[in-house]
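[1] Take this sequence and fold it.
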Amino acid sequence: MAASRASRRGLIITADDFGLHPAVNAAVELAHRDGVLTAASLMVAGPAAADAVERARRLPRLRVGLHLTLVDGAALLPRSRIPALVDAAGRFRGPMAWDGVRFFFLPAARRELAAEIRAQFEAYAATGLPLDHVNAHKHFHLHPTVLGLILRIGRDFGLRAVRLPAEAGAPWLLRPWLRRLERRLDAAGVGHNDRVVGVARSGRMDEAALLEALEALPPGCTEIYLHPAAVSGAAIAPSMPDYRHADELAALLSPRVRAAVQRLGVPLGGFADVGP
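    Numbering: from 1, shown residues only. Below is the predicted model:
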């Protein structure tokens, strides 16, 4: 597996938060039809999830995966089923650091977390869309408890690939967690990319940033992820006031970006197409 990754080059260009807002869904469809977008990660509990699924069904070449939402969003299960996880409005309580501690030390919270993760996998399966990959909103699958549940539950739903959010120049505090994630995915026989681009410039992956990433594309399998939408900032979500969603959509539609991708001559698609 490691040898095959080292010997080839592949590119996955993903839109996260598919299903969060109609303007995100419209951008995903446009960027896939007329731009360089090859994959999307679906929030099954998102306010616009049904619209996202409808669009995905008419885009057979778009590789769609599950964007597990366990923070900064609404849960799929009712509060009566997961009272330790959500507030009175059914949204995850956060902050992530505190949730991470509770998931690790509190069996009741872990049981509720497992139920919610299973419910999101079930909701994805009910769409009938092939499961190209799984990742978690805000990369919460770096947490060992969350990852363990994804691997265990995901087996029942054909889990084959998980995003490895390892970006060049990642903070040193994150590096042990990234190495542990990679080792666990390899041990479980679950595919993953070699690296990502998009963490440091989350919400700011404009044309210049995307061209820079493509020009520096190294060997192996790289995933570039963005947050495109037809409008920007808090109009998409209150937690994204500084996100330049419309600039990211423009980057995906840019003729210069398309030409740069074509010059690479590497396999494009989702994890099912180019991932190890």
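
[2] where does the stretch 1-150 of the chain dip in pLDDT?
    Counting by pLDDT under 70, the ranges of the stretch 1-150 of the chain that qualify are 1-8.

[3] show me where it has helices.
    2-6, 22-34, 49-57, 96-105, 107-127, 144-154 (DSSP state H, counting those that start in this stretch).

[4] before we move on, what SS does Ala237 have?
    Look at Ala237: counting by DSSP: H, G, I helix; E, B strand; the rest coil, its state is coil.

[5] give me phi/psi at it?
    Geometry field for Ala237 lists phi and psi as phi -160, psi 140, criterion degrees, to the nearest 10.

[6] quick thing: my sequence starts at 564, can you match it?
    With 564 as the first residue, the last one maps to Ala800.

[7] The residue lying closest to it once chain neighbours are set aside: neighbour count?
    Nearest non-adjacent residue to Ala800, counting by C-beta to C-beta, 6 or more residues apart in numbering: Leu583, 6.4 Å away. Placement of C-beta: from N, CA and C, glycine included. The burial metric for Leu583, expressed as a neighbour count using other C-beta atoms under 10 Å, is 26.

[8] same check, this time on Val697
    Taking other C-beta under 10 Å as the neighbour definition, Val697 ends up with a count of 27.

[9] The residue nearest to Ala800 against Ile799, yeah?
    Yes: contact between Leu583 and Ile799 holds when scored by C-beta atoms under 8 Å: they sit 6.5 Å apart.

[10] one step back: tell me which of the helices of the stretch 564-713 of the chain is the most buried.
    helix 585-597 (a mean of 22; mean count of other C-beta atoms under 10 Å).

[11] Quick one: the strands in the protein, in order.
    Using DSSP state E, the strands assigned to the chain run over residues 572-581, 602-605, 626-631, 697-699, 758-760, 783-789.

[12] Reformat those as CSV; add distance to Arg826.
    Compiled in CSV, the strands of the chain are given as follows (distance: least, C-beta to C-beta, whole Å):
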stretch, distance to Arg826
strand 572-581, 12
strand 602-605, 21
strand 626-631, 22
strand 697-699, 28
strand 758-760, 17
strand 783-789, 15
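
[13] Which one, of the helices of the stretch 564-713 of the chain, ends up nearest to Pro782?
    With respect to Pro782, and counting by C-beta to C-beta, the nearest of the helices of the stretch 564-713 of the chain is helix 565-569 at 6.8 Å.
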